[in-house]
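# have a look; sequence and predicted model below, questions after that.
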Amino acid sequence: MAPLLNYINGRFVPARSGRTREYLNPADNSVLGEAAESEAVDAEEAITVAREAFDEGPWPWTPAAERAAKLFKLADLIEANAEELARRDTLNNGKPLREARFDAADTAGCFRYYAGLATKPHGQTYEVGDPNILSQSVREPLGVCGQIIPWNYPLLMAAWKLAPGLAAGNCCILKPAELTPWSVQRLFELIDEAGFPPGSAQLIYGAGDPAGSVLAASERVDKIAFTGGTVTGRKIMQAATGNLKRVTLELGGKSPLVIFGDVDLEVAVEYAMFGIFAGQGEVCNAGSRLFLERGIADAFLEKLAAACGKIVVGNGLKDDTEMGPLISRAHQKKVLGYIESGKAEGAQLLCGGAGYDDARAQGNFVQPTVFLKAPPDARIVREEIFGPVLTVDVFDSEEDAIRKANDTIYGLAGAVFTKDGARALRFIRKLRAGVTWINTFHLTFNEAPWGGYKQSGFGRELGTPGYDAYTEIKQINTNLSSARLGWFKGI
Ligand code: NAD
């Protein structure tokens with residue numbers, strides 16, 4: 001198969017060096033193909049094109065209704081090609097097809113939501129002290145936006161970045177994760193087909209450094225939107241200080257899922273499993289710390305252990321698969337390393353705790369793993385594992401639960417399960433996290449803002465805040481009077 005190419009200035013082009021990088025199927029580590037391996041020169045070229053496309057137009061000055069029409073067209077094309085996009089994500093990322101199908105549908109929805117938002121009112125007028133002054137604000141596109149995304153939602157993360165960026169009239173350069181270029185390639189073929197003007201949406205594959213770091217450091221880039229690990233986020237923020245570019249960071253998490261004793265146990269067990277094992281736990285908001293009210297812990301854990309043993313782990317393309325492989329051998333090793341550190345630090349295994357030694361050994365599979373009684377300062381409790389590993393603790397009161405839930409450097413998400421509505425809201429108001437759920441987990445909506453507290457990042461994606469984050473506010477003050485100012489008395 002021909003290598004996947006960058007998309008620069010409206011054309012699919014190889015990296016200048018001609019270099020490529022293989023991308024794999026994590027279910028068996030077979031090679032799926034190769035993608036262009038960009039160097040700094042490719043990133044610089046994309047920036048030059050984007051700069052010109054933004055400064056000279058037409059995209060930033062294209063009427064909102066026309067920008068919306070392109071985005072609606074793209075959404076239709078995504079929907080028409082959803083099955084292919086989903087299969088590419090399953091093959092290249094490993095996630096079960098039912099999850100990849102959901103992502104593809106959500107991707108179309110994201111472009112459609114921001115297409116609609118582009119034409120809605122965005123400015124304001126102000127009552128000011130002088131009746132002869134009309135004071136208004138308008139929102140304008142920010143400029144050239146570098147967008148760097150991780151491998152866990154290859155298609156959907158591209159949509160979260162490109163849809164609001166393009167809707168608001170920016171010129172966007174997307175840098176996907178090295179491991180997952182395949183669905184993004186198809187997305188850019190559809191972007192090409194939808195007829196976006198050259199330079200408005202561009203794609204460069206390649207390593208975080210240099211392809212991504214050049215975007216983060218460039219004085220000609222106005223904004224960096226980043227989703228990925230906290231360590232990388234810190235580097236990006238430092239690189240962005242040169243020209244004080246706008247930065248939004250969607251980083252890691254260690255989200256709590258808190259279950260009070262008044263719940264239906266069967267229901268709560270399934271949600272707890274969904275919280276950590278959906279997406280193999282490679283989900284930024286995964287419910288990786290479970291807290292149970294002491295009175296239900298034994299009964300809950302008995303049910304949880306039995307249910308975890310029934311999870312169907314296998315190739316994501318199979319209809320009955322409920323959990324796929326991890327993204328890479330290196331990541332599998334990292335997750336297994338955390339499991340070993342959990343054992344060494346004295347935590348007790350309820351289930352899982354290893355890879356597989358059957359046919360799945362070809363791929364990067366890890367058993368659904370649950371640890372009990374981990375010391376509060378154990379690495380498996382404190383650090384983001386980004387895999388199917390859950391720690392369980394108990395609590396004795398509402399105050400105890402909130403203190404334990406908040407005892408983390410992260411603040412992306414969290415959930416509480418209880419039938420007591422007032423307690424649920426009391427708890428959620430005290431939880432230091434940007435995305436929360438009561439009696440459910442994982443839901444994201446294109447309409448509602450997404451992002452973290454604390455070291456899970458800052459800024460919001462999705463919803464109207466996600467659009468606003470791709471705009472500058474300009475204040476316009478108009479004098480309605482033609483009278484002299486009267487400031488200089490002698491003229
Ligand atoms: P990562 O930080 O290693 O990589 C993310 C992206 O950054 C990749 O495209 C990579 O090439 C690029 N990158 C790496 N070094 C760079 C540098 N120096 N300059 C510029 N770009 C660079 O993360 P990952 O391993 O791909 O993804 C996993 C992480 O992403 C997890 O920590 C997870 O929590 C986080 N994540 C967060 C969210 C969210 O919404 N908060 C969503 C998905 C994933």
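Cool, the structure landed.
# counting contacts, what elements does the helix or strand containing residue 307 pack onto?
Assigning secondary structure by DSSP states H and E places residue 307 in helix 297-308. Helix 297-308 is packed against helix 265-277, strand 348-351, strand 369-372, strand 389-395, with contacts defined by 3 or more Cβ pairs under 8 Å, 6 or more residues apart in numbering; DSSP states H and E. Just so you know, the C-beta spots here come from the backbone N, C-alpha and C atoms, and that holds for glycine as well.
# the ones you listed into TSV, with extra columns for mean pLDDT?
Listed next are these as TSV, based on pLDDT from 0 to 100:
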stretch	mean pLDDT
helix 265-277	98
strand 348-351	98
strand 369-372	98
strand 389-395	98
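# got the residues of this structure near the ligand?
Counting by Cβ under 6 Å from any ligand atom, the residues of the chain close to the ligand are 148-152, 175, 177-178, 208-209, 212-213, 216, 227-229, 232, 235-236, 250-253, 284, 384, 386, 412, 452, 457.
# residues in contact with residue 8?
Shown in contact with residue 8 (Cβ atoms under 8 Å, 6 or more residues apart in numbering): 42, 45-46, 49, 202-204.
# can we see that at 10 Å?
Residues counted as contacts of residue 8 (Cβ atoms under 10 Å, 6 or more residues apart in numbering) are 38, 42-43, 45-50, 173, 198-199, 202-204.
# what is it paired to in the beta sheet?
residue 11 (DSSP bridges).
# for residue 303, give its distance to residue 424.
Here residue 303 is placed at a distance of 22 Å from residue 424 (Cβ to Cβ, to the nearest Å).
# please apply the same query to residue 487.
60 Å.
# more neighbours, these two?
Counted by other Cβ atoms under 10 Å, residue 487 and residue 424 do not tie: residue 424 has more neighbours, with 20 against 6.
# residues in contact with that one?
With Cβ under 10 Å, 6+ apart, residue 424 has these contacts: 258, 260, 415-418, 436-439.
# same question, residue 371
By Cβ under 10 Å, 6+ apart, residue 371 lies in contact with 290, 338-339, 342-343, 345-353, 378, 380-381, 389-393.
# for it, which non-adjacent residue is spatially closest?
Leaving aside its sequence neighbours, residue 371 sits nearest to residue 347 (Cβ to Cβ, 6 or more residues apart in numbering; 4.2 Å).
# quick one: pLDDT of the one you found?
Residue 347 is assigned 98 on the pLDDT scale.
# can you check residue 236 too?
97.
# that's a helix at it, yeah?
Yes - judged by DSSP: H, G, I helix; E, B strand; the rest coil, residue 236 forms part of a helix.
# any idea how many residues pack against it?
Neighbours of residue 236 (other Cβ under 10 Å): 24.
# residue 43 versus the spatially closest residue to it that is not a sequence neighbour, what's the distance?
If the residues on either side of it in the chain are set aside, residue 236 comes closest to residue 216, at 4.6 Å by Cβ to Cβ, 6+ apart. Per Cβ to Cβ, residue 216 is found 10 Å from residue 43.
# wait, residue 407 sits on residue 414?
No - Residue 407 is not in contact with residue 414 according to Cβ atoms under 10 Å; the separation is 11.8 Å.
# which residue does this structure bring closest to the ligand?
residue 208 (2.1 Å; Cβ to the nearest ligand atom).
# grab the nearest non-local neighbour of that residue.
Spatial nearest neighbour of residue 208, chain neighbours left out: residue 232 (6.5 Å); criterion: Cβ to Cβ, 6+ apart.
# can I assume residue 212 sits in a helix?
Yes - using three-state DSSP, the assignment for residue 212 is a helix.
# next SSE after the longest helix that the chain contains?
Longest helix in the chain, counting residues (DSSP state H): helix 97-118. Later in the chain than helix 97-118, the nearest helix or strand by DSSP H and E is strand 124-126.
# tell me which residues are up against that next one.
133-139, 473, 475-477.
# now the strands for the stretch 51-200 of the chain?
Shown for the stretch 51-200 of the chain, the strands assigned by DSSP state E, counting those that start in this stretch span residues 124-126, 133-141, 144-148, 171-175.
# a markdown table for those strands, including distance to residue 87?
Putting the strands of the stretch 51-200 of the chain into a markdown table (distance: least, Cβ to Cβ, whole Å) gives the following:
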| stretch | distance to residue 87 |
| --- | --- |
| strand 124-126 | 45 |
| strand 133-141 | 34 |
| strand 144-148 | 24 |
| strand 171-175 | 21 |
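# let's have these in JSON lines, adding mean pLDDT.
Shown next, in JSON lines, are the strands of the stretch 51-200 of the chain (pLDDT from 0 to 100):
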{"stretch": "strand 124-126", "mean pLDDT": "97"}
{"stretch": "strand 133-141", "mean pLDDT": "98"}
{"stretch": "strand 144-148", "mean pLDDT": "98"}
{"stretch": "strand 171-175", "mean pLDDT": "99"}
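# and these as TSV, adding mean neighbour count and distance to residue 329?
TSV is the format used below for these (neighbours: other Cβ atoms under 10 Å; distance: least, Cβ to Cβ, whole Å):
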stretch	mean neighbour count	distance to residue 329
strand 124-126	11	53
strand 133-141	16	41
strand 144-148	28	23
strand 171-175	30	23
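# any stretches of this protein with poor pLDDT?
Within the chain, no stretch has pLDDT under 70.
# residue 485 and residue 479: what is the separation?
From residue 485 to residue 479 the distance is 9 Å (Cβ to Cβ).
# those two: which is more packed in?
Remark: of residue 485 and residue 479, residue 479 carries more neighbours, 11 against 8, as counted by other Cβ under 10 Å.
# what's around the residue nearest to residue 236, how many residues?
26.
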